[in-house]
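Participant: Have a look at this prediction, sequence included:
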Amino acid sequence: MISNSPDQPNRNDAEARWRRYRRLLRAGQAVMALGGLVLLAHWIAHLQPPPGPSAIEDIFAGYPAGVLLLLGGGIMAGQRHP
């Protein structure tokens, strides 16, 4: 078994960091897409005739939830390079 010195980083460590970064990036993008779908669905619900979404849905499940998902996904996807 070859032992790496502390001065020379292991190539597998760099590859593992890169894979982790890419997984986090893709997961963040998926969360952002989910947030966009929530916002779109909420906007479409407001186009219905008057018995549209209730006030509770407006406050908790509508635009705020979509925006939080967009922000959370943006933070996940916007992490610095490994």
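Facilitator: Happy to help now that I have it.

Participant: Could you check how far Gly72 is from Pro50?
Facilitator: Taking Cβ to Cβ, to the nearest Å as the measure, Gly72 falls 33 Å from Pro50. (Glycine included, C-beta is placed from N, CA and C.)

Participant: Please identify which of those two sits among more neighbours.
Facilitator: Gly72 (15 against 4; other Cβ atoms under 10 Å).

Participant: Name the nearest residue to the more buried one, ignoring sequence neighbours.
Facilitator: Nearest-residue entry for Gly72: Val31, 5.7 Å, with adjacent residues in sequence omitted and distances by Cβ to Cβ, 6 or more residues apart in numbering.

Participant: how distant is the strand or helix carrying the one you found from the center of its chain?
Facilitator: Per DSSP states H and E, Val31 falls inside helix 11-46. The chain centroid and the centroid of helix 11-46 are separated by 4 Å under Cα atoms, centre = their mean, to the nearest Å.

Participant: Tell me the gap between the helix or strand just after it and the middle of its chain.
Facilitator: Using DSSP H and E, the helix or strand that follows helix 11-46 in sequence is helix 55-56. Relative to its chain's centre, helix 55-56 lies at 26 Å (Cα atoms, centre = their mean).
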